[in-house]
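Asks: Below are the sequence and a predicted model; questions follow.
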Amino acid sequence: MLIKILTVISILTTMLLLKSLVSIFPSLMACLFRSKECFNLDASVKLSRDRNLLACAMILPFCLLVNRFNLHKAGTLLTLPENVQLLIIIGVILFYILFRETVYKLFRPQRMPRKAYTTAGTTAHTFFVILTLALLAIGGITAILGMDAEAVTTAMLWVSIGIYILFLIRKFQIFISSCSVFTAFLYLCALEIIPTGTLVVSAIIF
């Protein structure tokens, strides 16, 4: 029952933001190809606001997808009732988001221009929206085609990895626009790779 209610809420929320999604979609796609577009998107008050709203709205659909297709790959969770699994996934995702935002606020380098650092942080919102849209598209298409659930899960995981790697490349490019390659790599590790790596390892172990 809980899953059905949350699914309806996520559908209604997405429909309410459909106009914003259509208007920002070209900018989202442009960010896949050039880091400069990440700066351009952030420079627009309307586009950046719509992007942030969409990122917030995509949290629930993303959690539902993770639960529905077992993307967490955590064997322990599978022994729990489905509603409990979903609540745990939502809690973990929200904690991860809060943790990343806290790290960004606490460890902002003084020598890096504020614009570059802010864009590097909000680029995560951009690629999260792209990732969720891609997973929703895969889920919808494969459901129509009646594909095997395990194959769908595998496809979603590989797409997620690909988008995340592209996100790291864009964030690295944003960093090196304002600092050395070595410093940019250290920032990338501290602010992105280590937190995300910890989340992935915990999911594999548990």
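Replies: Nice, I can see it.

Asks: what residue ranges in the chain are flagged as low confidence?
Replies: Residue ranges of the chain with pLDDT under 70: 73-78, 201-206.

Asks: most centrally placed residue in it?
Replies: The residue lying closest to the centre of the chain (Cα atoms, centre = their mean) is residue 128, at 2.6 Å.

Asks: Just list the residues touching that one, thanks.
Replies: Taking Cβ atoms under 8 Å, 6 or more residues apart in numbering, we find residue 128 in contact with 55, 58, 62. C-beta: built from backbone N, CA, C; applies to glycine.

Asks: nearest residue to the first one other than its sequence neighbours?
Replies: Spelled out, that is residue 55. residue 125 (3.9 Å; Cβ to Cβ, 6 or more residues apart in numbering).

Asks: for the second one, same thing?
Replies: Distances taken as Cβ to Cβ, 6+ apart put residue 132 closest to residue 58, at 4.1 Å, once the chain neighbours are dropped.

Asks: which residues touch the one you found?
Replies: Counting by Cβ under 8 Å, 6+ apart, residue 132 touches 58, 61, 62, 65.

Asks: Let's have the residues you listed in a markdown table, adding neighbour count and secondary structure.
Replies: Conversion of these to a markdown table gives the following (neighbours: other Cβ atoms under 10 Å; DSSP: H, G, I helix; E, B strand; the rest coil):
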| residue | neighbour count | secondary structure |
| --- | --- | --- |
| 58 | 25 | coil |
| 61 | 21 | helix |
| 62 | 22 | helix |
| 65 | 21 | helix |
